[in-house]
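A.B. asks: Next come a sequence and a model predicted from it.
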Protein chains: 2
Amino acid sequence: MNKPRLALLSVLLLSALSFAQDSRTMATRSWRQANEHAIISEYVEFLKIPNLAADPANLRRNAATIQQMFEKRGVKSRLLELPGIAPVVYGEIVTPGAIRTVMLYAHYDGQPLDPKEWASPPFDPTLLDAALDNGGKVIPFPAQGQPFGPEWRIYARGSGDDKVNIMLFMAALDALRANKVPFKSNIKFIVEGEEEAGSPHLADYMRQNKALLSADVWLICDGPMDQSRRQNIVFSVRGVQIVDVTVYGARRELHSGHYGNWAPNPAMMLAQLLASMKDENGRVLIDHFYDGVQPFGELEKKAIAEAPQNDAKLKHDLWLGRTDGNGAPLLELIALPSLNIRGMASSRMGAQASNVIPATASATIDLRLVRGIDKQVQAQRLIEHIRKQGYFVVDKDPDEQTRLSHPKVAKVVVDTGGYNAAGSPMDLPISKLVIQAVENARGPVIKLPVLGASVPLFMIQEVLGSATIQVSTANHDDNQHTFNENIRIQNIWDGIETIAALMSM
Amino acid sequence: MNKPRLALLSVLLLSALSFAQDSRTMATRSWRQANEHAIISEYVEFLKIPNLAADPANLRRNAATIQQMFEKRGVKSRLLELPGIAPVVYGEIVTPGAIRTVMLYAHYDGQPLDPKEWASPPFDPTLLDAALDNGGKVIPFPAQGQPFGPEWRIYARGSGDDKVNIMLFMAALDALRANKVPFKSNIKFIVEGEEEAGSPHLADYMRQNKALLSADVWLICDGPMDQSRRQNIVFSVRGVQIVDVTVYGARRELHSGHYGNWAPNPAMMLAQLLASMKDENGRVLIDHFYDGVQPFGELEKKAIAEAPQNDAKLKHDLWLGRTDGNGAPLLELIALPSLNIRGMASSRMGAQASNVIPATASATIDLRLVRGIDKQVQAQRLIEHIRKQGYFVVDKDPDEQTRLSHPKVAKVVVDTGGYNAAGSPMDLPISKLVIQAVENARGPVIKLPVLGASVPLFMIQEVLGSATIQVSTANHDDNQHTFNENIRIQNIWDGIETIAALMSM
């Protein structure tokens, strides 16, 4: 057994042996054990309502159903509406003398799908006795009083992403009420129906309902848990900015025999330009590229050291003979800004290739942003770097005169859909409180200072000034965004305890 | 008027004023002037025979017709045959006491065509009073005794490329015979029918008929003249070697947020690899890349200095703000070996692009070769360079173990269709003789030590040991390889004088 695996095993053993749930969580668990049938029955009915962007009538049915679920539990709720847009369901529990306001976010829409790819109809929730990939077989839902197996799974679109969290809100509320646990915070809920489309109107809803949607923290209840099946909390997400670069040779492709060595080759120019941006170890060489990066504090360092280190296994699984970053771990590296060539093209390849000097060469680049680095500033640093390599930079196709009067011309187009990073330092009081609440209920959690991926949470900070923290409950192998989406039963049971802990903090 | 144009004009004036044709050429001209109608009539009938690879029966009719044209002139001829292949027409004139043997090469096949693109049927030769692009109108062929305008053009497939040279062989023979010019050399003719398909069997014909096809020099009577309309002689052509390079990241595309900065990006690796191959001015940095290059002698330097310098105009026409090679002229640069990226690709561009780290990145490269640099040696230098950049080089898709055990892996595939450069130094006695013969007839010619493009003449040198020199007669704007191919009448008249001079040298 290699070192990282040994370390991982030690952590798992340690958490299993040393942790005892607090009494409130034990009460939540007892309530759940007595109510499994009702919880799952309500969820199955909810999953039957199709939730695709192409089916706005059913999206509205989902919103109305969620509102009814809130109302049934005495949560004051309303639909926030914009013309022609899937409504946002808002709910709130006002707590007299509340010391803070906590917003719980989830979404009811699901990814588009092709039913032909599914083993069972996506809106006919189906119970299996294990994951389909592990030979799971369809079984009937158990009768009242019969237990559910923890490894069983419910297959349906939205089961893991993200209707499960809406169901968890309801079950946690029921458990807390049943056990007469007092609330300390005002609790707000926002459940949107456009997340899978990129939340294009969420900022509008926030601007129009600023007071209503403000909170000390937005808890983003979405996404899968760690591959080790341990609970994770993610404190920030990176931003992203796409930049397309095109460089030019002659106005048309040229015969490489008649003009080679004389007419500049834009593919070579692009290669030289891109090569100037990074060293052999993947360090970005653009001036000021890392300016603004806030170094990890002790808390973040400790959290990363304690997180499962999957690097060696990943490297092997991905057939990588080396990694960038001088051997630094993945979790540290994805906390830095990055420059990635996501595509590159010049002329033709394979059977279509011919002996030409290409006329143009292009690359499309994604810049990942961290807190402290603005999307426009970072794009500008890239543009300055291109200028320093001798390029005259334009943002539209350069005309004859522009090309004749500059030795090197680059068209640089900065995408308008970029957005900044967002998140919260791990040592904010609210961050500590969230960690403590979840760990009291669930034991030691994986704390990730930064998620490598980008999620447009910046709008929450920008418009409302709220902190954002992501808490996931679905299994990592829930097939979110693809066919045969599913939720594992034990993740539901654990999720109820997690959400209840967050509501009662 | 800019300097280059002034220089060009001076050269043209100088040649027009200072040159007086030799008496033998004047005799050829007189004969032609008396026989224009017969020359053109025979040519028109010849052009009516379709000459496409897809029409083997008519290819054979062409070969038979050429043989009859030879026989009619007392030239001993035969068809060289390979099963299922368009025959090669061979002809010879044995000269008692000959001091050398001169082979005249041409081809009777034409490029594929789409008749719908043509202004007149491609096998119904049509006379125009000017180039179609310059407003030329269809006119009837003049009656016997009526003159042809020098700017008139005959439109038909093969008219410029390359049936014109076959017709010139016949007309020059007739002129020399009529004027009782004695031959000093043995004259051989080879007219093939597969040139436009890449002469795939010419080497086989040569191997099977080695003695028959040997000569002191093969004169390649093909291709267009210089754009200045001046006669050109080209002494060598470059070889070419295609090499495809692929580098690898992870075994599948990765989410650039979750893995960027950690998983190596093959597009960046390829950019760095390609950038290491050339400096900013286009000089190749691969070790030994220029080893073996034979520097120009005084003769070549003088020839290039005297050739029309089109660089400034080309640069402007092509919208180039600079050229590679530190300002060296095109004609010097294309005489060097070159490395050209003819295509490059990684992942996807435009609307198909996504935020991934690509799994692979590829480039296809053409290496142009000059005499003194072997195709395999040059490919090996490139491979060594790739190794020096830290790559483990394979020639097939690398498997898991190969990729895991090497930090960087490159697949390098050397195309099997490459061939070496070929040609003759300008100061060979036979080269000087050809120059002198053509200049006696036509005045100062453009002498190009090297054609930038590649033509597989190496096989002539390799199999037969013959020198090769290319003499073109067709107008530069003959639309060879495309629709509305044509030959300018004055080019026919001049061509008769050129070919007659070569036959009688």
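C.D. replies: Yes, it's here.
A.B. asks: where along the stretch 101-250 of chain A do the strands fall?
C.D. replies: Ranges of strands within the stretch 101-250 of chain A are A:101-107, A:126-128, A:153-155, A:186-192, A:217-221, A:232-234, A:236-248, based on DSSP state E, counting those that start in this stretch.
A.B. asks: Please identify the most buried of those.
C.D. replies: Across those, averaging neighbours per residue (mean count of other CB atoms under 10 Å in any protein chain shown) puts strand A:153-155 on top, at a mean of 27. C-betas here are computed from N, CA, C, even on glycine.
A.B. asks: Please name every helix or strand in contact with the longest helix along chain A.
C.D. replies: Scanning chain A for the longest helix, with DSSP state H as the assignment, gives helix A:23-47. Other elements packing on helix A:23-47 under the criterion 3 or more CB pairs under 8 Å, 6 or more residues apart in numbering or on different chains; DSSP states H and E are helix A:56-72, strand A:153-155, helix A:163-178, helix A:429-442, helix A:489-503.
A.B. asks: give me the low-pLDDT residue ranges for chain A?
C.D. replies: For chain A, applying pLDDT under 70 flags the ranges A:1-20.
A.B. asks: Identify the residue spatially nearest to the residue nearest the centre of it, adjacent ones excluded.
C.D. replies: The residue lying closest to the centre of chain A (CA atoms, centre = their mean) is A:Val455, at 5.3 Å. Distances taken as CB to CB, 6 or more residues apart in numbering or on different chains put A:Val237 closest to A:Val455, at 4.3 Å, once the chain neighbours are dropped.
A.B. asks: go on, A:Ala197?
C.D. replies: A:Ala53 (5.6 Å).
A.B. asks: Quick check: the one you found is in a strand.
C.D. replies: No - with DSSP: H, G, I helix; E, B strand; the rest coil as the criterion, A:Ala53 is located in coil rather than a strand.
A.B. asks: tell me which parts of the stretch 351-500 of chain A are close to chain B?
C.D. replies: The stretch 351-500 of chain A comes close to chain B at residues A:352-358, A:361-364, A:366, A:368, A:400, A:403-409, A:451-454, as judged by CB under 8 Å from any CB of the partner chain.
A.B. asks: Just the ones of the residues you listed in strands?
C.D. replies: Of these, the ones assigned to strands by DSSP state E are A:356-357, A:361-364, A:366, A:368, A:409, A:451-454.
A.B. asks: quick one: which of the residues you listed is nearest chain B?
C.D. replies: A:Ala453 (3.5 Å; CB to the nearest CB).
A.B. asks: Would you agree that closest one is in contact with B:Leu254?
C.D. replies: No - look at A:Ala453 against B:Leu254 with CB atoms under 8 Å: they stay out of range, at 11.4 Å.
A.B. asks: who has more neighbours, the two?
C.D. replies: B:Leu254 (23 against 19; other CB atoms under 10 Å in any protein chain shown).
A.B. asks: I figured that one hits B:Ser354, correct?
C.D. replies: No - in this structure, B:Leu254 is not within contact of B:Ser354 by CB under 8 Å, at 11.1 Å.
A.B. asks: follow-up on the earlier one: distance of the residue nearest to A:Val455 relative to A:Ile304?
C.D. replies: For A:Val237, the distance to A:Ile304 equals 16 Å [CB to CB, to the nearest Å].
A.B. asks: just A:Gly418 next, same as before
C.D. replies: 27 Å.
A.B. asks: and what of A:Asp162?
C.D. replies: 27 Å.
A.B. asks: If you count surrounding residues, which of these two has more?
C.D. replies: A:Asp162 (27 against 20).
A.B. asks: what residues does the stretch 151-300 of chain A put near chain B?
C.D. replies: Close to chain B, as judged by CB under 8 Å from any CB, the stretch 151-300 of chain A has residues A:238, A:240, A:242, A:248-252, A:254-265, A:267-268, A:270-278, A:280, A:282.
A.B. asks: what sits against A:Leu336?
C.D. replies: A:Tyr290, A:Val293, A:Val370, B:Asn261 (CB atoms under 8 Å, 6 or more residues apart in numbering or on different chains).
A.B. asks: Of the strands of the stretch 101-250 of chain A, which is nearest A:Lys447?
C.D. replies: strand A:232-234 (5.5 Å; CB to CB).
A.B. asks: Now find how far off-centre the closest one is within its chain.
C.D. replies: 11 Å (CA atoms, centre = their mean, to the nearest Å).
A.B. asks: ok, that strand: who's next to it in the sheet?
C.D. replies: strand A:446-448 (parallel), strand A:467-471 (antiparallel) (DSSP bridges).
A.B. asks: what's near enough to touch the nearest residue in space to A:Ala441 that is not next to it in sequence?
C.D. replies: Once flanking residues are discounted, A:Ala441 sits nearest to A:Ala501: 3.7 Å by CB to CB, 6+ apart. Contacts for A:Ala501 (CB under 8 Å, 6+ apart) come out as A:Arg24, A:Thr25, A:Ala437, A:Val438, A:Asn440, A:Ala441, A:Arg442.
A.B. asks: now those residues as CSV including neighbour count and distance to B:Ala98?
C.D. replies: What follows is the contacts of A:Ala501, written out as CSV (neighbours: other CB atoms under 10 Å in any protein chain shown; distance: CB to CB, whole Å):
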residue, neighbour count, distance to B:Ala98
A:Arg24, 18, 113
A:Thr25, 21, 109
A:Ala437, 21, 106
A:Val438, 24, 101
A:Asn440, 18, 108
A:Ala441, 26, 106
A:Arg442, 19, 102
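A.B. asks: just these now: which is nearest chain B?
C.D. replies: Nearest to chain B among the contacts of A:Ala501, with distances taken as CB to the nearest CB, is A:Val438, at 22.5 Å.
A.B. asks: excluding its backbone neighbours, what's nearest A:Met170?
C.D. replies: Going by CB to CB, 6+ apart, A:Met170 has A:Met69 as its nearest residue, at 5.3 Å.
A.B. asks: contacting residues around that neighbour?
C.D. replies: Neighbour list for A:Met69: A:Glu42, A:Phe46, A:Ile166, A:Met170 [criterion: CB under 8 Å, 6+ apart].
A.B. asks: And the furthest pair within the residues you listed?
C.D. replies: Every pair of the contacts of A:Met69 checked by CB to CB; the farthest is A:Glu42 and A:Ile166, at 10.5 Å.
A.B. asks: Compare the two (neighbour count), which wins?
C.D. replies: A:Ile166 (25 against 17).
A.B. asks: Please name the nearest non-neighbouring residue to that one.
C.D. replies: A:Ala106 (5.0 Å).
A.B. asks: A:Arg252 belongs to a helix?
C.D. replies: No - counting by three-state DSSP, A:Arg252 is not part of a helix but coil.
A.B. asks: ok, now how distant is it from A:Pro266?
C.D. replies: 12 Å.
A.B. asks: So for the two, which residue has more residues nearby?
C.D. replies: A:Pro266 (27 against 11).
A.B. asks: residues contacting the more buried one?
C.D. replies: A:Val247, A:Tyr248, A:Gly249, A:Ser346, A:Pro358, A:Ala359, A:Thr360, A:Ala361.
A.B. asks: Repeat that for A:Ile139.
C.D. replies: Applying CB under 8 Å, 6+ apart, one finds that A:Ile139 lies in contact with A:Leu127, A:Leu128, A:Asp129, A:Trp152.
A.B. asks: Please give me every residue in contact with the third one.
C.D. replies: By that I understand A:Asp129. A:Gly136, A:Lys137, A:Ile139, A:Gly149, A:Glu151, A:Trp152.
A.B. asks: next one: the last one
C.D. replies: Contacts here follow CB under 8 Å, 6+ apart; on that basis A:Trp152 touches A:Leu127, A:Leu128, A:Asp129, A:Ala130, A:Ile139, A:Arg488, A:Ile489.
A.B. asks: Before I go, just wanted to say thanks for your time.
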